[in-house]
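# just a sequence and a predicted model for now, questions to come.
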Amino acid sequence: MTIDFRGWHSRTFAVLAIVALLPTTVVLALSGLAYNLNVPGLADAIDPFIRSLSVSKVIGLGLMSAPVLAFVLAVLPVLRFSIHRESGELMISFAIRGRSLTLVAIGLSLLLIAFFAMHSAAEFLFGT
């Protein structure tokens, strides 16, 4: 049995994935520039926006779940899943077609997922 979408609208889904990642990427980039690199005046400019994000848990959850949604959007059309028997053993395989825009969306979403995982681990371990 094979499930294969054959790259069905893969470019469209990759663009949707990148669009889903934009708000999270912009917030993290501005926050990093303002608070970690201390770009003059930027912290004062984005502070009201960052405070409004911390008030609404729904917006924060949306920003944190966007990379997972983007990963699923990017991978789904280029995924091939196969189950078959070989020499009496059950073989399960996954394959992803390497389309360039899809790989960009997958890479960016995995980068953001890794960032959130590392940030959460740092907060848990060091209480920052």
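Noted; the coordinates are in hand.
# in the chain, which helix is the longest?
Counting residues, the longest helix found in the chain (DSSP state H) is helix 100-126.
# from Ser31, how far out is Leu42?
Distance of Leu42 to Ser31, computed by CB to CB, to the nearest Å: 9 Å. C-beta coordinates here come from the backbone N, C-alpha and C atoms, glycine included.
# number of residues surrounding Thr24?
21 (other CB atoms under 10 Å).
# which ones are touching it?
Leu63, Met64, Ala66, Pro67, Leu112 (CB atoms under 8 Å, 6 or more residues apart in numbering).
# what about burial for those residues, which qualify?
Leu63, Ala66, Pro67, Leu112 (16 or more other CB atoms under 10 Å).
# please tabulate the residues you listed in a markdown table and include secondary structure as additional columns.
Output for the buried ones among the contacts of Thr24, formatted as a markdown table (DSSP: H, G, I helix; E, B strand; the rest coil):
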| residue | secondary structure |
| --- | --- |
| Leu63 | helix |
| Ala66 | helix |
| Pro67 | helix |
| Leu112 | helix |
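# dump these to TSV, plus pLDDT and distance to Ala20.
Formatted as TSV, those follow (pLDDT from 0 to 100; distance: CB to CB, whole Å):
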residue	pLDDT	distance to Ala20
Leu63	90	11
Ala66	95	5
Pro67	96	8
Leu112	94	11
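# between the residues you listed, which is nearest Ala95?
Lowest distance from Ala95 to the buried ones among the contacts of Thr24 (CB to CB) belongs to Pro67, with 22.3 Å.
# which residue ranges of this protein form helices?
Using DSSP H, helices in the chain cover 10-31, 42-55, 57-75, 100-126.
# least confident of these, on average?
Set side by side, the helices of the chain differ in mean pLDDT, and helix 42-55 is lowest with a mean of 85.
# near Ala95, how many other residues are there?
When neighbours are defined as other CB under 10 Å, Ala95 has 12 of them.
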